[in-house]
Every structure is written in C-alpha cells, then in structure tokens.
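*Asks:* show me how the following folds:
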Amino acid sequence: MELLPQTVWVIGLVFARVGALMMLAPGIGDQFVPTRARLMVALFIAFTLAPVVANKIGPLPSDTATMFLAIAKEILIGLSLGLTTRILFSALATAGAIAGMQTGLGMAMAFDPSQQQQGAVFGTFLALLGTALVFQSDVHHLFISGAAKSFENFLPGGPLPLGDMAQFSLRAFSQAFSLAIQITAPLLLFGVVINVALGIINRVAPAIQVFFIAQPVQVLLGIMLFAITAGAGMLVWLEAIATAGRSLN
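*Replies:* Presented below is the predicted three-dimensional model:
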C-alpha cells in the first residue's frame, strides 16, 4: 500500500506522454479509430513501459499544482513527438493534391477515413497505402520504442526543451513538403511537358479545342504514370518515416 501512490504516479506520467503521442501517431491516431481503442492501446503501452522508466521518474509531488504541471509537461512532450510523425504523414495529402492537379483530376474527391472528410482521390489512396506500409513494415514499433527512449532524452520533471521541439517541428514541415515533391516529381514533369505541348498545338491550330480534346488523354496517361511511379515514391516516404522513428531512439 505504501508503494501504490508512487506506482500510480509513474503509470500516470507515462500514460500522459504516450497517450498524447498515440493520439497523433499514424494509423492508431487516425480519426476513424475509436477513441476508446486509442486509449486502451495507450494504457497498455503505459503499463508496459512503466517498470522500464520508473527509475527516471521522481517521487510523487507533495502539492497538487506541481503534480498537474508535471502532467502538462508530459502531454506537451508527447504531442510534440506525435506531431512530427503526423506532419510527415500529411506529405501524402499534399502529394495527392499535386497528383490530382497534374492529371486533371484535381476535383475528384473521395472520403478519406484518416481525416473523416472528403479529400483528393489520390491523397486518400496514398494515405491508406501509407498506413498499410507503416504497419506492414513494423515502423510503428520504432515510435513505441522511441516513446520509451524519450524518457532518457526528456527527463520527467525537467525543463521543457522548447527550442529543440520547435526546430524538430520546422524540419518536419520542410521535409514533408520535400517528400510530397519527390513522390510526385514524375507527374510534375509530365504536367509541364503536356501543357507546353498543348500550348504549342493551340498556337499552331487555334480553331481546335486542343485542351478539351486532350483532357481524356491527359487523365489516362497521368493515371498510368502515377501507377508506375507511386511505389518508388512511397518507399522514399516510408524511409523518411522510419528515419524519424529512429531519431526518437
């Protein structure tokens, strides 16, 4: 009974950080996953990690204000770690929007279960493919081990590393945009080439509705090119996600 308050305190702090991370993690943190399921996963991980990181967590604070402040810090650290992966995951939505514009299907929408709203059809496909790749390649294990390792890098009760967290998020934003460009680079080149060619044809024969006639061809070629090159682009994205997970360790 004397050890019970300290045990509950350790599990609570671990749950605060891991729970915030799980709420934003790819796949598990998607909106179509029931909230109770996410909480159960976070609670299970917290019970598993608590004995491992117990020696890095200080004693139970004597006053309530210090207790709530420590919990708030853990939540902020967990949100920062989860936000980085979520930002990298958003590269797929950006890539899908670019692919839609280059193939002439920018207005084609489909229900995106990860966002619980309508999104570009290419973005929805890439989001589902990315989620499947993360779990199939066991990349999600890196984030779970990174959550445990974070208790060594960011000690509970210590000062918040706001500078490091901000730099980490900024790098994730720039990397996400770069990944979206890499995934859709062949389609960007395709869009430039076909629009220049159509522009030249339109100047040579202005009486012909070139863009209207060429629209089905642009859609067909764009979808074929996307099908051929999407695999290579997703491997680049998956490696970036895995690198982000390893950096947490």
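*Asks:* where do the helices of this structure begin and end?
*Replies:* Counting by DSSP state H, the segments of the chain that form helices are 4-24, 35-53, 64-103, 121-136, 140-153, 162-183, 185-204, 210-247.
*Asks:* any idea how far the residue of the chain positioned farthest from its centre lies from residue 201?
*Replies:* Taking Cα atoms, centre = their mean, the residue of the chain most remote from its mean C-alpha position is residue 207, at 47.9 Å. For residue 207, the distance to residue 201 (Cβ to Cβ, to the nearest Å) stands at 11 Å. C-beta here means a position set from N, CA and C on the backbone, and glycine is covered the same way.
*Asks:* and residue 22, by the same measure?
*Replies:* 54 Å.
*Asks:* quick one: which of the helices of the chain is nearest residue 110?
*Replies:* helix 121-136 (4.4 Å; Cβ to Cβ).
*Asks:* using CSV, write down the CA coordinates of the closest one.
*Replies:* Extracted in CSV, the C-alpha atoms of helix 121-136 (Å, rounded to 0.1, in the frame of the first residue of the first chain):
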residue,chain,number,x,y,z
VAL,A,121,-8.8,10.8,-54.5
PHE,A,122,-5.0,10.4,-54.9
GLY,A,123,-4.5,11.7,-51.4
THR,A,124,-7.0,9.2,-50.0
PHE,A,125,-5.3,6.3,-51.8
LEU,A,126,-1.8,7.4,-50.6
ALA,A,127,-3.0,7.8,-47.0
LEU,A,128,-4.4,4.3,-47.0
LEU,A,129,-1.3,2.9,-48.7
GLY,A,130,1.0,4.7,-46.2
THR,A,131,-0.9,3.4,-43.2
ALA,A,132,-0.7,-0.1,-44.6
LEU,A,133,3.1,0.2,-45.2
VAL,A,134,3.8,1.6,-41.7
PHE,A,135,2.2,-1.4,-40.1
GLN,A,136,3.3,-4.0,-42.6
